[in-house]
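Chemist: Fold the following.
(one chain, ligands or ions: 1)
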Amino acid sequence: MTEPPRASVERVAFDRVADRYDETRGLSPEAERAVAELLEPELAVRKPCLEIGVGTGRIALPLARAGVPIVGMDLSVPMLARLRGKAGGRRIPLVLGDATALPFAEAAFGSGLVAHVLHLIPDWRGALTELLRVVRPGGVLLVLQGGRTSLLGDVEDRFRQEAALEDAFPGLDHDVALLDREMASRGAAARSLPTVIERRTVSLSWFIDQMEQAAYSWTWWIDEPTRHRAASAVRRWAAATLGDLDDQREIKSTIDWRAYDLE
Ligand SMILES: C[S@@+](CC[C@H](N)C(=O)[O-])C[C@H]1O[C@@H](n2cnc3c(N)ncnc32)[C@H](O)[C@@H]1O
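Modeler: Numbers count the residues shown, from 1 in each chain. Next up is the predicted model:
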């Protein structure tokens, strides 16, 4: 009997999707601006900021442009190269490394930023320990866990079901309550920052193609023939239940940052 696919890896570097990351995860210009305006006041008074898993700079670059001193670190050379290419000459210190073993001195930073990363790190508690070591008391950690959008979430669930995927993420699933408890046990109280609404237009056929072509990390544990089979089954199901797959649909999602104040 074959085992169901699951995420059992130590490190999830995004090398293989660096060239299409922004196309599949990019924020609308409005949401990008709103996120930068939301985070800038938190970070401007707690300098400098370290972003672990900075990727292509989706969050870091607008903040750097707004004047926030920010250091980016990531496991992936191609993701950092994309960031560098987009920075247009702006000097942003970038460090290659693993968030569970940060190459920085104790209390070197005033704040930490973690966007869509903890679900990828099996030892996510170790990554938090490292952040709490390098961010000074009185600092803040700003964390964005992945959200769920109703329509695309349903299509994604169906794909996982068709592929019999058991664990989609090696690290902290999108469980904010667990993160709050973990941070509370380390003496850091949680605050919610105001929700940012993101609107984008996509077709279901585009989205199913992206899953089939392994654009998202949770699809990397599914072998290629299974991905093709799952995509065909999801196309049939979606066409029968959701209508024309080529229709452009407005997808509204919420971006909910948590702030953890460090004592
Ligand atoms: C989903 S992307 C998020 C990128 C960026 N934070 C954003 O919101 O667009 C996750 C990034 O985390 C990086 N990553 C995964 N595990 C890591 C680890 N243990 N240490 C550092 N970076 C890691 C990946 O290479 C990838 O660039």
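Chemist: For the closest residue to Trp257 other than its chain neighbours, list the residues it contacts.
Modeler: Once flanking residues are discounted, Trp257 sits nearest to Leu193: 4.2 Å by CB to CB, 6 or more residues apart in numbering. No exception for glycine: its C-beta is placed from N, CA and C like everyone else's. Contacts for Leu193 (CB atoms under 8 Å, 6 or more residues apart in numbering) come out as 38-39, 42, 142, 256-259.
Chemist: Tell me which of those fall in helices.
Modeler: 38-39, 42 (DSSP state H).
Chemist: Please pick the buried ones from those residues.
Modeler: Buried members of the ones in helices among the contacts of Leu193, scored by 16 or more other CB atoms under 10 Å, are 38-39, 42.
Chemist: and the ligand, which of the residues you listed contact it?
Modeler: Among those, no residue is within reach of the ligand (CB under 6 Å from any ligand atom).
Chemist: closest to the ligand among the residues you listed?
Modeler: Closest approach between those and the ligand, by CB to the nearest ligand atom: Leu39, at 11.9 Å.
Chemist: what are the pairing partners of the helix or strand hosting Glu51, and which direction each?
Modeler: Per DSSP states H and E, Glu51 falls inside strand 49-52. With DSSP bridges as the test, strand 49-52 is paired with strand 70-74 (parallel), strand 109-115 (parallel).
Chemist: hmm, who's touching that strand?
Modeler: Counting by CB under 8 Å, 6+ apart, 43, 59-60, 63, 68-74, 99, 102, 104, 108-115, 117, 127, 131, 134-135 sit against strand 49-52.
Chemist: Now list the buried members of these.
Modeler: Neighbour counting by 16+ other CB under 10 Å classes 43, 59-60, 63, 68-74, 99, 102, 104, 109-115, 117, 127, 131, 134-135 among these as buried.
Chemist: Can you show me the helices along the stretch 1-150 of the chain?
Modeler: 21-25, 29-44, 60-65, 77-86, 124-134, 150-162 (DSSP state H, counting those that start in this stretch).
Chemist: Tabulate these in CSV, adding columns for mean pLDDT.
Modeler: Formatted as CSV, these follow (pLDDT from 0 to 100):
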stretch, mean pLDDT
helix 21-25, 91
helix 29-44, 96
helix 60-65, 97
helix 77-86, 97
helix 124-134, 98
helix 150-162, 94
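Chemist: Looking at these, spot the one closest to Asp209.
Modeler: Nearest to Asp209 among the helices of the stretch 1-150 of the chain is helix 21-25 (10.4 Å), distances taken as CB to CB.
Chemist: buried residues in the closest one?
Modeler: 21-22, 25.
Chemist: so what secondary structure elements neighbour it?
Modeler: helix 77-86 (3 or more CB pairs under 8 Å, 6 or more residues apart in numbering; DSSP states H and E).
Chemist: nearest spatial neighbour of the residue nearest in space to the middle of the chain, skipping sequence neighbours?
Modeler: For the chain, the residue sitting closest to the mean C-alpha position, by CA atoms, centre = their mean, is His116 at 1.9 Å. Of all residues not flanking His116 in the chain, Gly146 sits nearest, at 5.5 Å (CB to CB, 6+ apart).
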